[in-house]
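J.: Would you be able to build a 3D model of this:
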Amino acid sequence: MLALDVCLLSPNKRRCKGSQVRSRLSSGEGLTTLRPRLGFPCQQVKDTSTVVLLCSQGSVSETARSVSLDLTQIIFWSFITKGQFSRGPTHSSLSLMDVLWMIVLTVGLLGSHCEGAISCKNEIGGDVDWFILYKKPAGFDYVYIDSTDQNLKKNNKPVNNQAGVLAHTLNPYFERSSDSGFIAYNDQPPNEESVNCKHGHSKGVVMMDKDNVVWLLHSTPKFPKGDKSNNFYPKSGERNAQIFMCVTLKSAQSAQIAQHLKGINAYIFDKHNPEKLRDSSTAPQPPYHEDLLSAGGQQFKRFVKKISTKSEGDLYVTIADTLKSDLYIQTWHSKPETMDTTTDGHKLYNIKPPFGCDHSKWCVSDSENWMCVGDSNRQPSQFKRPGGALCINSKPVADAFREIKSSTDKDSATNCDTDSATNCDPDSDTRPSPSKRLRVGKTV
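T.: Residues are numbered from 1 along each chain as shown. As a prediction, the model looks like this:
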């Protein structure tokens, strides 16, 4: 039996609905560009309304599988088990009409597979309940851990790859369909406009449909830079280390996420169908924390910190005293290898940046199974700004980050600039750490 790899692309339709298999290939794009993406040869045939690509992979034992690329048109794949096309359908036993009928049958058989709730994604586009991605400085490499394989591993694709972890996860942001919505917030937005200091130093993207909410928190200024899979990661994000945490939640918890964005006074720079993330309640008076349960049952806890000119405005004081744990903390230009103590007696250790020029903000318990991604630096100027964190209760994750904090890069750079300037915190993201720090647990 001969099966075909068939790609159906409509030149006058720039977006497909209900499919998780997508590409940004247009009808005018040549096969030279396409071949490197697919890894095997293709032929292109046109009629007045359709572009069909016939691709082969020689003898393959598999009869069918989905290939998740980063797309705007629907692509369905089945593999050739015998033979190979070399000159297109006119030299094969199948006519163009046969091919089109095969497409119709494939759509009918696989249509239900293409429908699905939004989710965090892995490198091959598969659904994951959560992931944490830690990008290294001076490039696009990273280490990564997720719900399906709770072991820290190195990347196979760069962080800005258009068929990688972030691009797959951000597909609802690129697609902007009527069935989903999103809110993108960043106090250092892509358009570089000045943001008032009343907003948190917070960055993230919240995407939602009728079933799920995907919450992607991160530390990267100007992210997402563009609204396509080939331009979403800012060039400025190459220099410093950055961190991303993604969690998939059921839609019933969307109000809690909306409340969190209120609490940190997130600066929203882009949105689509934002009414899908609604919360009519009044946010509690900070500081406060609340438990969250992911769609897969993983325990999380979110924090909103107090706004104060005193040390009680330090996000990590709130986290340590709530979790009743000492913390190892990484934030931008914190004075490394120093220790403070909260009024409740918990120790806060500023670690030396594991990856040198490190713009990430995270902490890990010294003995408990908690690891958190925050939005605030340990600088007095940020005590008086809103802020928050999301923490995961996972021994594999906590162990992985305790290992990271112990494996500091010996070649760590110290003369690091931020990705983007901010007018709110002259001593936090744009200059070296201040010579004087507030002693945590004492007021001034």
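J.: Ignoring the adjacent residues along the chain, who's closest to Val159?
T.: Of all residues not flanking Val159 in the chain, Phe140 sits nearest, at 4.6 Å (CB to CB, 6 or more residues apart in numbering). In this view, the C-beta of every residue, glycine as well, is placed from N, C-alpha and C.
J.: Just say helix, strand or coil for the one you found.
T.: Per DSSP: H, G, I helix; E, B strand; the rest coil, the local secondary structure of Phe140 is coil.
J.: Helix or strand for Cys391, just tell me which one.
T.: strand 388-393 (DSSP states H and E).
J.: Could you point out the helix or strand that follows that strand?
T.: Assigned by DSSP H and E, the successor of strand 388-393 is helix 395-406.
J.: If you count neighbours, what's buried in that next one?
T.: If you call a residue buried by 16 or more other CB atoms under 10 Å, then helix 395-406 has these buried ones: Pro396, Val397, Ala398, Asp399, Ala400, Phe401, Arg402, Ile404, Lys405.
J.: residue ranges with poor pLDDT in this protein?
T.: Within the chain, the ranges that satisfy pLDDT under 70 run 1-115, 280, 408-444.
J.: So which residues of it form helices?
T.: Taking DSSP state H, the helices of the chain run over residues 31-38, 96-114, 165-169, 171-175, 254-263, 315-323, 380-383, 395-406.
J.: Outline the domain layout of the protein.
T.: 5-114, 120-406 (automatic domain parsing).
J.: quick one, which of the ones you listed is packed in tightest?
T.: Per residue and on average, the most neighbours among the domains of the chain fall to domain 120-406, with a mean of 20 (mean count of other CB atoms under 10 Å).
J.: hang on, the earlier thing: may I see the buried residues of helix 395-406 organised as CSV, with distance to Ser178 added?
T.: Converted to CSV, the buried residues of helix 395-406 look like this (distance: CB to CB, whole Å):
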residue, distance to Ser178
Pro396, 38
Val397, 36
Ala398, 40
Asp399, 43
Ala400, 39
Phe401, 39
Arg402, 45
Ile404, 41
Lys405, 44
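J.: Just flag the most distant two among these.
T.: The distance between the two most remote of the buried residues of helix 395-406 (CB to CB) is 15.3 Å, for Pro396 and Lys405.
J.: What segments of the stretch 51-200 of the chain are strands?
T.: 51-55, 75-76, 120-121, 127-128, 130-135, 142-146, 153-154, 181-186 (DSSP state E, counting those that start in this stretch).
J.: The ones you listed: which one's closest to Pro221?
T.: Here strand 181-186 is closest among these (CB to CB), at 6.9 Å.
J.: on that earlier part again, residues in contact with the residue nearest to Val159?
T.: Pro158, Val159, Asn160, Asn161, Tyr233, Glu238 (CB atoms under 8 Å, 6 or more residues apart in numbering).
J.: give me that answer again for 10 Å
T.: Neighbour list for Phe140: Asn155, Lys157, Pro158, Val159, Asn160, Asn161, Gly164, Tyr233, Gly237, Glu238 [criterion: CB atoms under 10 Å, 6 or more residues apart in numbering].
J.: on that earlier part again, ok, which of the strands of the stretch 51-200 of the chain comes nearest Leu327?
T.: Of those, the one closest to Leu327 (CB to CB) turns out to be strand 130-135, at 16.7 Å.
J.: Paired strands for the closest one, with orientation please.
T.: The pairing partners recorded for strand 130-135 under DSSP bridges are strand 142-146 (antiparallel), strand 242-250 (antiparallel).
J.: got the angle between that strand and strand 388-393?
T.: 110 degrees (axes from the mean of the first three to the mean of the last three CA atoms, to 10 degrees).
J.: who are the neighbours in contact with Tyr267?
T.: If you count contacts by CB under 10 Å, 6+ apart, Tyr267 has them with 184-189, 193, 195-196, 198-203, 261.
J.: Lys222 - nearest residue in space that isn't next to it in sequence?
T.: Residue nearest to Lys222 in three dimensions, not counting chain neighbours: Pro234, with 4.0 Å by CB to CB, 6+ apart.
J.: For the nearest residue to Asp127 once chain neighbours are set aside, give me its contacts.
T.: Closest residue to Asp127 apart from its sequence neighbours, by CB to CB, 6+ apart: Ser119 at 4.1 Å. Ser119 sits next to 20, 126-130, 168-169, 171-172, 207, 209, 211-212, 214, 246, 248, 295-296 when contact means CB under 10 Å, 6+ apart.
J.: Can you give me the separation between Ser119 and Val397?
T.: 19 Å (CB to CB, to the nearest Å).
J.: that older thread, quick one, the strand holding Cys391 and helix 395-406 angle?
T.: Using the same axes, to 10 degrees: strand 388-393 against helix 395-406 is 120 degrees.
J.: If I take strand 388-393 and helix 254-263, what angle do their directions form?
T.: Using the same axes, to 10 degrees: strand 388-393 against helix 254-263 is 140 degrees.
J.: So in that sheet, which strands flank strand 388-393, and in what orientation?
T.: Here strand 388-393 is paired, per DSSP bridges, with strand 299-304 (antiparallel), strand 370-374 (antiparallel).
J.: could you redo those strands as JSON lines and give each row distance to Ser219?
T.: Below are these laid out as JSON lines (distance: least, CB to CB, whole Å):
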{"stretch": "strand 299-304", "distance to Ser219": "16"}
{"stretch": "strand 370-374", "distance to Ser219": "8"}
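J.: what's across from Gly182 in the sheet?
T.: In this structure residue 182 is Phe, not Gly. Met207, His272.
J.: Am I right that it is in contact with Val214?
T.: Yes: here Phe182 reaches Val214: they are 8.8 Å apart, a contact under CB atoms under 10 Å.
J.: Give the residues shared as contacts by these two.
T.: Ile118, Leu170, Pro172, Tyr173, Val205, Val206, Met207, Met208.
J.: Let's have the residues you listed in a markdown table, adding distance to Ala252.
T.: Listed next are these as a markdown table, based on distance: CB to CB, whole Å:
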| residue | distance to Ala252 |
| --- | --- |
| Ile118 | 15 |
| Leu170 | 23 |
| Pro172 | 18 |
| Tyr173 | 22 |
| Val205 | 20 |
| Val206 | 15 |
| Met207 | 16 |
| Met208 | 11 |
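J.: now, which of those sits nearest Glu368?
T.: For those, the nearest to Glu368 is Val206 (27.4 Å; CB to CB).
J.: measure the spatially closest residue to that closest one that is not a sequence neighbour to Glu275 for me?
T.: Spatial nearest neighbour of Val206, excluding adjacent residues (CB to CB, 6+ apart): Ile183 at 4.8 Å. Distance, Ile183 to Glu275, using CB to CB: 10 Å.
J.: now do Ala138
T.: 41 Å.
J.: just to revisit the earlier point, can you tell me which of the strands paired with strand 130-135 comes nearest to Ser219?
T.: Checking those against Ser219 by CB to CB gives strand 242-250 as the closest, at 4.9 Å.
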